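>>> Following is a predicted model, sequence given first.
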Amino acid sequence: MREKKYKNAYPILKINAAGIMAGNTLKARTIAILGSREVGKSSLIIQFVENHFVESYHPSVETTFRKVIRYKGHEVEAEIIDTAGQVEHSILSFTHVVGIHGYILVYSVTSKQSFEMVKIIRNKILNYSGRESVPIVLVGNKMDLHQQRQLTFEEGKNLASHWQCAWTEATAKRNDNITNIFKLMINEMEKDINPNNKELSKKFLNILRSKTFSKLETIASYILTSIVIYCLKYLESRIR
Ligand SMILES: Nc1nc2c(ncn2[C@@H]2O[C@H](COP(=O)(O)OP(=O)(O)OP(=O)(O)O)[C@@H](O)[C@H]2O)c(=O)[nH]1
């Protein structure tokens, strides 16, 4: 496997343990880009960081890029990890969830298999992190390849609404929606760190629902057990 060389690439995987406030507004955020091979992960990053498109394909070795992103009046120092494409036998390691603030999960609109792979990857992330949800932007790349499309716009959109995450289609080749992917990512990460009242009440309601549910189950099984005991005692007294 050849290692790609890029202007702004740092051939290291040094991950911050948490978001760091440097000065007043500069925040550091670590983003991992995951997905099947050849879906265009490196191309998306290179287009975003270096403003050009790489036509040739070389399988990636993990590489880290940095870019300062301006977002809602703040500057975010993004560390973007370009991972090697995931294949069935090598999906994700534990290092991909340590110190990562957000995930860009990429599929190609020309590959159903890559769409299935993002589902597997998300499950792995949730399992490793032990969380019910993490900040995710789902990206359907290669939207310029109309003739080769295997996935509709709606399929991507529906999956994202099921996961309650951000989603967009994009094309690294035509440079469409690339900056938007990273703005969506920052938005998702900020929501996760500073949830607004609506999101807080949603989370609270979910907890309440699950607690109420388990409470109801306990009460129901208590009542049922009491009835059975009462019936047995009644039968016993009748027999005597
Ligand atoms: N038509 C088209 N081709 C693209 C697009 N994005 C990437 N490609 C091409 O798809 C191939 C794979 O792109 P990469 O960026 O290397 O894919 P990757 O996901 O990083 O691949 P791995 O390193 O194996 O994980 C390259 O030949 C790119 O030129 C796109 O938006 N449209």
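Thanks, I have the structure now.

>>> Which residues are in contact with residue 85?
35-39, 41, 59-60 (C-beta atoms under 8 Å, 6 or more residues apart in numbering). C-betas here are computed from N, CA, C, even on glycine.

>>> change it to 6 Å
When contacts are counted by C-beta atoms under 6 Å, 6 or more residues apart in numbering, residue 85 touches 36-37.

>>> where does the spatially most central residue of the chain fall, phi/psi-wise?
Geometric centre of the chain, nearest residue: residue 136, 2.9 Å, by C-alpha atoms, centre = their mean. Backbone torsions of residue 136, given as degrees, to the nearest 10, read phi -130, psi 140.

>>> per-residue confidence at it?
Here, the pLDDT recorded for residue 136 equals 97.

>>> same deal with the one 4 residues further on?
On pLDDT, residue 140 comes in at 98.

>>> Wait, it touches residue 158, no?
No - the criterion here is C-beta atoms under 6 Å, and residue 140 misses it with residue 158 at 11.8 Å.

>>> the more surrounded of those two?
residue 140 (29 against 12; other C-beta atoms under 10 Å).

>>> which bits of this protein sit near the ligand?
37-43, 54-55, 57, 59-60, 84-85, 141-142, 144-145, 171-173 (C-beta under 6 Å from any ligand atom).

>>> which is the next helix or strand following the worst-scoring helix or strand of the chain on mean pLDDT?
Using mean pLDDT, DSSP states H and E, the weakest-scoring helix or strand in the chain turns out to be strand 20-22, at a mean of 40. Using DSSP states H and E, the helix or strand that follows strand 20-22 in sequence is strand 26-35.
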